[in-house]
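> Sequence and predicted model, in that order:
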Amino acid sequence: MKNFTISLLAFHLHSRFLEDSKTNHQEGKLLWENLAQLGEKSLPFLELKSLREKLICYDQNGNYNLGFKSLENNWWMTKSKQTIDLGLIEIENLKIEGNLQPFILNDTYAADLTLTPKSSEEKLDISQLKQLPIKNLLPSSIQPSLGETFLIYGEIDPEINPQEIADECIENLFNPAQIKPLFLNQSELFKSLLFEYQATELNNQNQPFKILVLLNNSRAETLKPAEKSYEWILQLLCCRHKINFIHQESRNLYPQARKSYDKLETQMENFSKITEDPKTRLESLKQILEKIPKDYLYYSRYVRDLKAHKTALETNTTNYKICLEKIQNISKVPPYWQDFLNKTCYLWHRQIETDINYLSPGQQLFEQLVNAIRGIAETDQLESDRHLERTIQIIGIGLGTGGIIASSTGHIDVPLTFKSTGKLETIHPVILTLILSILATLLAGGITWHFTKPKNKK
């Protein structure tokens, strides 16, 4: 094989608007930090080790600064606005040249790390690919939030079976004990044969990655049109990774929304039972009001996030379409790239729409439930306050009247004498005053109760 190169294309969100700024600040720099660590360990390029000094998102002290976007630079992440030539290193008698192209694509960091093994002979033996430290470029090490794609290019003789060569490249580059590759499609790009694989790390199955093997077996002029469409290829792969990411995020979000929906449904069932008993209704409604707003807030946030994912999916689908058209103006593209746009993106868009249409009526229903609970609770509270006010009024008037009677009869100093069962009984003036006060209190309270009781409306 001649002119062999392997490029790691890693894509990482530098900020997520659905998360707090503190999390963004910590996670945004992860891609560059991990690439710099490669220079300190498995890929000892001096220029890679000092990567932070060359990026506009780091200040002079080496501190990451998310506010770098204020600079007028929306493409290159390097201060020089050009490719970083990493130089030459030697690993197990294999000389390797490298270069790094760091970009920013709207809200996404993109890194293109290209390695070119140099053999003392004109042709490179495929078995030598085992010496490349590819295991340190896998998602578990680089940790790109959106994922990564390996792009492999090589020139082979026409009489060699290209499928076998592509498989051998995969087997020698990626350790079978660590990586499980799956062949997906074969097509043509820039007049060379394109083989697409999807691979998964056995210890990191939640983040599969793509491997594209482009083999030139006809001496076709592939590199020139590839270089001409480089920007659109990079943007296309970025959009595809973002679309996959958004779809996965929405699928993870929907079960949480359903769980919140079921919880609120339970509260609604309890509401109908609680309202049946007027005596305990007010206290029970207060307890529900302490829980439902929090649950409803979570539910509303899930619906909001799904709508945000829908918008992001539509935007990236449009961008993917634009990139595909730009590439088609230069070269024929694989048909399954078009199928991804016409079928997969459409299906995923419909899925999110269905989720939102299913959950949105529940959002309105639970909002009405909260308003109903508040209305009943306020009515019961008002009735309770009126009852308390009436009770205080009755007691106050009764006690006030009793006090007046007691003070007005306070001059009585002659005991009351009456005949009972043939004997004369005497009531002390103090006791007589107390009895009169109590009777006046009860009478005044009774009269007040009668005139303040609610009137039945016909």
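Structure's in. What do you need? Residues are numbered from 1 along each chain as shown.

> Can you name the residues in contact with the helix or strand harbouring residue 90?
According to DSSP states H and E, residue 90 maps onto strand 84-91. When contacts are defined by C-beta atoms under 8 Å, 6 or more residues apart in numbering, strand 84-91 is touched by residues 43-48, 51, 54, 78, 95-102, 118, 131-133. For the C-beta atoms, the positions are set from N, CA and C on the backbone; glycine is no exception.

> swap the cut-off to 6 Å and go again
44-45, 47-48, 54, 95-100, 131 (C-beta atoms under 6 Å, 6 or more residues apart in numbering).

> The residues you listed: which two are farthest apart?
Within the contacts of strand 84-91, two members stand farthest from each other by C-beta to C-beta: 54 and 131, at 27.2 Å.

> Which other helices and strands does the helix or strand where residue 246 lies contact?
Taking DSSP H and E as the criterion, residue 246 maps to helix 230-274. Contacts defined by 3 or more C-beta pairs under 6 Å, 6 or more residues apart in numbering; DSSP states H and E place helix 230-274 against strand 2-13, helix 278-328, helix 346-408.

> and residue 95, what is it in contact with?
By C-beta under 6 Å, 6+ apart, residue 95 lies in contact with 88, 118.

> element containing it?
For residue 95, the host element (DSSP H and E) is strand 94-105.

> again, but for residue 152
strand 147-155.

> Give me the sheet partners of that strand and which way each runs.
strand 2-13 (antiparallel), strand 204-216 (parallel) (DSSP bridges).

> CSV for these, including mean pLDDT?
Output for those, formatted as CSV (pLDDT from 0 to 100):
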stretch, mean pLDDT
strand 2-13, 94
strand 204-216, 91
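
> circling back to that earlier point, just the buried residues from the contacts of strand 84-91, in ChimeraX please.
The following ChimeraX line selects those of these that are buried, judged by 16 or more other C-beta atoms under 10 Å:
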select :45,47,48,54,96,97,98,99,100
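
> Tell me which other helices or strands the helix or strand where residue 166 lies touches.
For residue 166, the host element (DSSP H and E) is helix 162-173. Secondary-structure packing of helix 162-173 (3+ C-beta pairs under 6 Å, 6+ apart): strand 204-216.

> And the contacts of the helix or strand that the strand it packs on is followed by?
Note on strand 204-216: by DSSP H and E, the next helix or strand toward the C-terminus is helix 223-228. Among residues not part of helix 223-228, those counted as contacts by C-beta under 6 Å, 6+ apart are 190, 330-331.

> per-residue confidence averaged over helix 223-228?
The predicted model assigns helix 223-228 a mean pLDDT of 92.

> Show me which of the contacts of helix 223-228 are buried.
Buried subset of these (neighbour count, 16+ other C-beta under 10 Å): 190, 331.

> which one of the contacts of helix 223-228 sits closest to residue 184?
For the contacts of helix 223-228, the nearest to residue 184 is residue 190 (19.0 Å; C-beta to C-beta).

> my guess is that closest one contacts residue 220, does it?
No: Residue 190 is not in contact with residue 220 according to C-beta atoms under 6 Å; the separation is 7.3 Å.

> what's the neighbour count on residue 227?
By other C-beta atoms under 10 Å, 11 other residues sit near residue 227.

> List the buried residues of the helix holding residue 166.
Quick answer for helix 162-173 (16+ other C-beta under 10 Å): 162, 165-167, 169-173.

> Just put these in TSV and tack on pLDDT.
Output for the buried residues of helix 162-173, formatted as TSV (pLDDT from 0 to 100):
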residue	pLDDT
162	93
165	94
166	94
167	94
169	93
170	94
171	93
172	93
173	93
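
> distance of residue 345 from residue 247?
9 Å (C-beta to C-beta, to the nearest Å).

> out of these two, which sits in the more crowded spot?
Comparing residue 345 with residue 247 by other C-beta under 10 Å, the one with more neighbours is residue 345, at 22 against 19.

> Just confirm the more buried one contacts residue 317, I think it does.
Yes: with contacts counted by C-beta under 6 Å, residue 345 reaches residue 317, the gap being 4.6 Å.

> Can I get the helix or strand that the helix holding residue 166 is followed by in PDB, CA atoms only?
Per DSSP H and E, the first helix or strand lying C-terminal to helix 162-173 is strand 179-189. The C-alpha trace of strand 179-189 is given here as PDB (Å, rounded to 0.1, in the frame of the first residue of the first chain):
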ATOM      1  CA  ILE A 179     -12.800  -3.300  19.100                       C
ATOM      2  CA  LYS A 180     -15.700  -5.000  17.400                       C
ATOM      3  CA  PRO A 181     -16.000  -3.600  13.900                       C
ATOM      4  CA  LEU A 182     -19.100  -4.100  11.600                       C
ATOM      5  CA  PHE A 183     -19.000  -3.600   7.900                       C
ATOM      6  CA  LEU A 184     -21.900  -1.500   6.700                       C
ATOM      7  CA  ASN A 185     -21.600  -0.300   3.100                       C
ATOM      8  CA  GLN A 186     -19.400  -0.100   0.000                       C
ATOM      9  CA  SER A 187     -19.600   2.700  -2.500                       C
ATOM     10  CA  GLU A 188     -17.400   5.200  -4.400                       C
ATOM     11  CA  LEU A 189     -16.100   8.700  -3.500                       C
END
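
> Which residues does strand 179-189 contact?
By C-beta under 6 Å, 6+ apart, the list of residues contacting strand 179-189 reads 170, 194-200, 334, 336.

> Next: stretch 241-253.
11, 146-147, 305, 309, 312-313, 316, 348, 352.
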